[in-house]
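Participant: got a structure for you, letters missing:
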């Protein structure tokens, strides 16, 4: 018998690094939130010049019983979330709660995404942006839909 492995990596678009630099130049701090493995996220962030302080899912907030948002997110999780350059191996509820924590800490938030797993965070962000090719749920959760790259 033969066992094969297929790995895949969706590299960032060629203009992503410049876009992040432009956003930083305008005072916008960019954080990455991904379901990808932490090692992949760290390398991606390094290549994009975002910093490599990538937080895994351990220690991140989770929804309470009945899907209730934990109280005082910023007080309990702000010291973990605010200084991080990004987050890896997260689930949709983490994305939502990261955005909510930043909002509670006084930040205005923008979120880009393309799928069902991004929809709750897109809806919670001050500006939710569904990117070109986004799934219906992603577009429904967003306040802005980019139709061309």
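Facilitator: It's in. Since we're looking at a predicted model, the values are computed, not measured. Numbering: from 1, shown residues only.
Participant: show me what contacts residue 93?
Facilitator: 62-63, 120 (C-beta atoms under 8 Å, 6 or more residues apart in numbering). Glycine gets a C-beta too; all of them are placed from N, C-alpha and C.
Participant: Which one of those residues sits in the busiest neighbourhood?
Facilitator: Counting neighbours by other C-beta atoms under 10 Å, residue 120 leads these with 21 neighbours.
Participant: quick check, that one in a strand?
Facilitator: No. Residue 120: not assigned to a strand; according to DSSP: H, G, I helix; E, B strand; the rest coil it is helix.
Participant: Out of the contacts of residue 93, flag the one nearest to residue 15.
Facilitator: Set against residue 15, the nearest of those by C-beta to C-beta is residue 120 (27.2 Å).
Participant: quick one: least confident helix or strand in the chain?
Facilitator: Each helix and strand of the chain was given a mean pLDDT (mean pLDDT, DSSP states H and E); the minimum falls on strand 144-145 at a mean of 61.
Participant: Does residue 52 touch residue 41 like I think?
Facilitator: No. Counting by C-beta atoms under 8 Å, residue 52 stays clear of residue 41, with 9.0 Å between them.
Participant: okay, those two: which has more neighbours?
Facilitator: residue 41 (25 against 12).
Participant: what comes up buried for the top helix by length along the chain?
Facilitator: Ranked by residue count and defined by DSSP state H, the top helix of the chain is helix 92-104. For helix 92-104, the neighbour count (16 or more other C-beta atoms under 10 Å) marks 92-104 as buried.
Participant: Show me how far it is from its chain's centre.
Facilitator: Taking the mean of its C-alpha atoms, helix 92-104 sits 9 Å from the chain's own mean (C-alpha atoms, centre = their mean, to the nearest Å).
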